[in-house]
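**Student:** A predicted structure for the sequence below; I have some questions about it.
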Amino acid sequence: MALEARQAALKALDWVLREGRMLAHLPADPRLSPGDAARAARLASLTLRHVQPLDAVIAPYLDRKPPLPALNILRLAAAELLVAGGDAHGVVDSAVKLAKARRPTQRMAGMVNAVLRKVAVEGPERFAAEPPQRLPGWIGGPVKKRWGAEVLRTIEAAHVPLPPIDLTVKPGATVEIEGATRLPTGSLRLPAGTQVSAVPGYATGDVWVQDAAAALPVRLMGNVAGARVLDLCAAPGGKAMQLAALGAHVTAVDLSDSRMGRVRENLARTGLTAELVVADALDYTAAPFDAILLDAPCTASGTIRRHPDLPHVKSWTEVEPLTRLQMRLLDHALTLLKPGGTLVYCTCSLLPVEGEHQITAALKRHDGLCVIPADPVALGGDDAWRSPEGGLRLRPDMWAEIGGLDGFYMAALTRP
Ligand SMILES: C[S@@+](CC[C@H](N)C(=O)[O-])C[C@H]1O[C@@H](n2cnc3c(N)ncnc32)[C@H](O)[C@@H]1O
């Protein structure tokens, strides 16, 4: 790997671990070739997936914990050595160059060299004995409380491998993609790392990227052909495309103008249509809809296998404001639903407070509101996905043998 790619990976690691920012917000470096940019992104994500076990391997070789800029060089190189199987000589040499290239780490180049030489020799065995990176307590605690220590451990293990790429196929389209498998729920699954833009059917809009779990909330809505459907919190538009492709007349609302731009692009690529409204969903009013999808903003803690930076950036402080917003959005969405209509609430979160608890609390707040019990088997899923209040709970440890699922919660509600 070129030094430029490693430099960019280090910048990305610093962005997450020093600045506390998500990788998605890291500005692209125009001087990097697309290949180096991709290699840098892969190496940074790989490192973020394994920070704790890497630190545990590095620690015995340190007299004291070095400042973060030097520690990040060690982590990056250790990930290359121990996870990516990089050539020891090249990796150690590059790490020393990275240290020498920046003033805060110049004096530590010797330490970087000495530590990594030991990591290269003794690290593989010690790394293999380390448990997977733990979830932070604000996610792991509630998961353990609800589903137990074994499920928590299995979820942490499921966050280690690179996840496969799932595609939703436009209804009626036929696509043949080499190496893809059709999941029982209908999504197409491609091996991790597949370059999606080169896949047949992508450019023509016959498929779009959507985790198999994320494709299920729309299916909970039943037959939406010809119905007026409100997609609240719609960007980047995966579910709006599903609804439009099924023949619904979709109104898609999102607060973010820039994210709505992605909905526009996605609709253009797939040749689908929806009315787009940039607005705060809490202020949005219109004549009542036949059906509503509320894919509420959440901690996204169900998507860690796709976003390994998330546990390093987000914290428990976001949970309370988000759950309050979810509750207000749910209450407001119900005012926009026709009597007898269906409202599907969903979040890509592992936290029961953003899923199961929202529904049980809403049932208490609203007379006559009830859950339409979801049947996971009818959707091609497992009976184990049923949640006691009638929704569906999906977790990364489920379907682990075929590549897992993002964590998701969904429930369909109705009232007379
Ligand atoms: C989970 S994402 C939605 C994903 C989308 N449904 C899809 O399938 O592609 C949540 C979205 O909620 C939007 N959002 C957050 N707060 C909002 C609000 N008060 N009103 C409208 N949209 C909001 C965010 O901009 C973000 O795009």
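**Tutor:** Great, that's in hand. Residues are numbered from 1 along each chain as shown.

**Student:** Now do the contacts for residue 162.
**Tutor:** By Cβ atoms under 8 Å, 6 or more residues apart in numbering, the residues touching residue 162 are 192-193. Where C-beta positions appear, they are placed from N, C-alpha and C, glycine not excepted.

**Student:** The same query, at a cut-off of 10 Å, please.
**Tutor:** Contacts for residue 162 (Cβ atoms under 10 Å, 6 or more residues apart in numbering) come out as 42, 45-46, 49, 191-193, 305-306, 308, 403.

**Student:** give me the beta-bridge partners of residue 344?
**Tutor:** Counting by DSSP bridges, residue 344 is bridged to residue 293, residue 412.

**Student:** Just list the residues touching it, thanks.
**Tutor:** Counting by Cβ under 10 Å, 6+ apart, residue 344 touches 216-222, 229, 239, 291-295, 333, 372, 374, 391, 410-413.

**Student:** from the contacts of residue 162, which has minimum pLDDT?
**Tutor:** Minimum pLDDT for these is recorded at residue 193 (88).

**Student:** Could you check how far that residue is from the ligand?
**Tutor:** Separation of residue 193 from the ligand (Cβ to the nearest ligand atom, to the nearest Å): 22 Å.

**Student:** Now do the same for that residue: helix, strand or coil?
**Tutor:** Each residue gets one of three states, and residue 193 gets coil by DSSP: H, G, I helix; E, B strand; the rest coil.

**Student:** what about it, how many neighbours?
**Tutor:** Neighbours of residue 193 under the rule other Cβ atoms under 10 Å: 11.

**Student:** Kindly provide the distance from it to residue 37.
**Tutor:** Distance from residue 193 to residue 37, counting by Cβ to Cβ, to the nearest Å: 15 Å.

**Student:** Then residue 386?
**Tutor:** Distance of residue 386 to residue 37, computed by Cβ to Cβ: 43 Å.

**Student:** who's in contact with the spatially most central residue of the chain?
**Tutor:** Nearest to the geometric centre of the chain sits residue 303, at 2.7 Å (Cα atoms, centre = their mean). Neighbour list for residue 303: 163, 211, 213-214, 310, 348-350, 396, 406-408 [criterion: Cβ under 10 Å, 6+ apart].

**Student:** quick one: which of those residues has the most company?
**Tutor:** residue 350 (31 neighbours).

**Student:** Test my guess that that residue contacts residue 299.
**Tutor:** Yes - counting by Cβ atoms under 10 Å, residue 350 does reach residue 299; the two are 8.1 Å apart.

**Student:** Enumerate every residue touching residue 165.
**Tutor:** 180, 187-196, 199, 209-211, 306, 403.

**Student:** try it again with 7 Å
**Tutor:** 190, 192, 194, 196, 209 (Cβ atoms under 7 Å, 6 or more residues apart in numbering).
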